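**Q** With the input below, show me the fold.
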Amino acid sequence: MIERPGRVALVFVLTASLAGAASHPSFDDLVANLKSPNASTRRDAAAELGRSRRREAITPLAALVRDPDAKVRLEVVRALRELRDLSAVPAMVTALSDGEAQIREEAIGSLVEMYADRDRGNPVGRFLELFSDEFDRSSVPTYVPVDPAVIRALANELRDDDKDIREEAAFALGILNGTEAMPALLATLKDPEASVRGAAATAVGKIGTAEDGRALIPLLSDESTVVRNRVLGAIGVLHVREAGPALRQLYEANRRKEGGIRILAALSRIGDPAQLDLFQELVQDPDPERKRLAIEGLGRISDASRLAAFKKDYQREKNEELRLAYSFALTLLGDRAFLDTIVLSLPSRTVGTRSRSYLLEMGPAILPELYPYLNDPEAEIRAALCDIIASFGDPDAIPRLTPLINDPSQTVADKANRAVERLRRTGGAKAAR
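**A** Predicted structure coming up:
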């Protein structure tokens with residue numbers, strides 16, 4: 001009997017489908033495989049369950065966080081990270097005390113990814129360093145409560161025998177707003193490894209206060225350039241005025257050397273009135289970078305005597321960055337009309353990032369002046385302001401942003417929607433305290 005071509009094809013398809021099903025275990029089979037006596041089977045099952053993105057895989061995976069095979073434990077941590085569910089946090093905390101350094105390292109990076117909702121594009125250590133350097137302050141929104149057990153476990157890792165683990169734990173504490181670990185971070189500033197001291201300094205800058213920042217001043221003379229640079233950044237972010245004399249001395253010794261601008265940038269940010277003479281001198285400097293930092297410094301120390309002169313200088317200035325700096329200083333000095341230049345510069349490819357940083361530095365106090373710009377005809381300005389206003393975390397801004405959810409620009413509408421949702425969660429978190 002000759003088979004019809006259609007029947008032969010149907011039999012082939014059914015056979016292939018059955019073979020495919022047999023080669024790809026079901027979810028229940030994968031869970032069962034986690035109990036296999038063969039470590040390779042358990043490892044493969046963990047990897048597949050991570051790729052499944054099914055929340056119900058967390059409990060059976062978490063049971064293997066103490067598996068006798070290190071490769072299985074490593075795959076379990078990676079799988080739990082892929083599932084991106086905070087119910088896996090207790091298992092991750094357990095993994096932070098694993099006997100294998102690679103597993104502890106993976107757990108640190110995974111916790112940051114889970115809470116900060118950021119995909120890792122680099123090896124764990126590089127990812128944490130890049131992510132840590134991306135923001136002046138903690139990267140986790142106020143409405144995302146980090147389990148205190150995570151902060152305690154990370155603080156404990158600051159004493160790890162592996163220097164890379166200590167460094168990554170410090171970065172993670174800064175990213176995850178681990179303020180409860182501040183005493184441990186301050187102690188880590190004396191770590192024998194420069195990379196660890198530098199990471200601790202960055203973390204202090206992210207989650208500390210100006211008072212905490214005083215502990216950074218002795219590290220301005222650290223033997224490591226990396227440490228000194230991280231300390232300069234942190235002191236500037238925290239506005240540690242007590243660092244003024246040490247920074248001034250350091251700057252005078254390095255005025256025309258590599259690193260002098262970095263020192264001046266920190267000096268400009270701290271707002272120390274004792275540096276008035278230096279900034280008055282440098283505002284006449286022919287170098288645009290030094291002049292910009294001097295203008296910003298005079299604005300931050302509220303040297304009102306410069307108000308009239310700055311207005312004239314602004315009108316005569318042709319350099320876009322310097323005009324922006326004058327606008328920032330004049331706004332700080334009380335003339336809010338110059339806020340217009342800063343806001344309208346947000347879409348600029350050359351100074352847009354600095355415009356954003358100026359607005360963020362001025363903080364929620366400028367919100368009333370920012371709201372009218374939500375009606376600006378330029379979509380890029382409306383979109384940028386949605387992000388900036390949301391970052392201030394004031395739920396009272398929600399009624400101002402809500403109309404933009406129906407904005408004709410899809411980008412603006414999406415950013416407004418995310419901003420409103422973020423502020424709602426922020427409001428809920430504040431109410432729950």
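
**Q** Look at residue 53 and report its pLDDT.
**A** pLDDT for residue 53: 89.

**Q** That one: how many residues sit nearby?
**A** 11 (other CB atoms under 10 Å). Where you see a C-beta, it was placed from the backbone N, CA and C, and this is true even at glycine.

**Q** repeat for residue 244
**A** The burial count for residue 244: 20, using other CB under 10 Å.

**Q** Could you do residue 233 as well?
**A** Neighbour number of residue 233 under other CB under 10 Å is 21.

**Q** pLDDT weak spots in the stretch 301-433 of the chain?
**A** Residues of the stretch 301-433 of the chain that meet the criterion pLDDT under 70 lie in 428-433.

**Q** switch to 90 and redo it
**A** 302-307, 425-433 (pLDDT under 90).

**Q** which residues of it fall in helices?
**A** For the stretch 301-433 of the chain, helices defined by DSSP state H, counting those that start in this stretch occupy the ranges 307-316, 320-332, 339-344, 352-362, 367-370, 379-391, 398-401, 410-432.

**Q** what's the residue most central in space within the chain in contact with, if anything?
**A** The centre of the chain sits closest to residue 139, judged by CA atoms, centre = their mean, with a distance of 3.6 Å. Residues near residue 139 by CB atoms under 8 Å, 6 or more residues apart in numbering: 116, 118, 131, 175-176.

**Q** swap in residue 208?
**A** 179, 182, 185, 234, 238.

**Q** ok, 7 Å please
**A** Residues near residue 208 by CB atoms under 7 Å, 6 or more residues apart in numbering: 182, 238.

**Q** Check the gap between it and residue 375 for me.
**A** Separation of residue 208 from residue 375 (CB to CB, to the nearest Å): 38 Å.

**Q** still on that earlier bit, export the helices of the stretch 301-433 of the chain to CSV and tack on distance to residue 272?
**A** Formatted as CSV, these follow (distance: least, CB to CB, whole Å):
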stretch, distance to residue 272
helix 307-316, 19
helix 320-332, 15
helix 339-344, 24
helix 352-362, 16
helix 367-370, 27
helix 379-391, 27
helix 398-401, 36
helix 410-432, 33
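
**Q** What does the pLDDT read for the nearest residue to residue 35 once chain neighbours are set aside?
**A** Closest residue in space to residue 35, ignoring its immediate chain neighbours: residue 42 at 7.7 Å, by CB to CB, 6 or more residues apart in numbering. For residue 42, the model assigns a pLDDT of 97.

**Q** next one: residue 18
**A** So residue 18 comes in at 44 (pLDDT).

**Q** other SSEs contacting the helix or strand where residue 246 lies?
**A** According to DSSP states H and E, residue 246 maps onto helix 244-253. If you count contacts as 3 or more CB pairs under 7 Å, 6 or more residues apart in numbering; DSSP states H and E, helix 244-253 packs onto helix 260-269.

**Q** just how off-centre is the helix it packs on within its chain?
**A** Centroid separation for helix 260-269 versus its chain: 22 Å, with CA atoms, centre = their mean, to the nearest Å.
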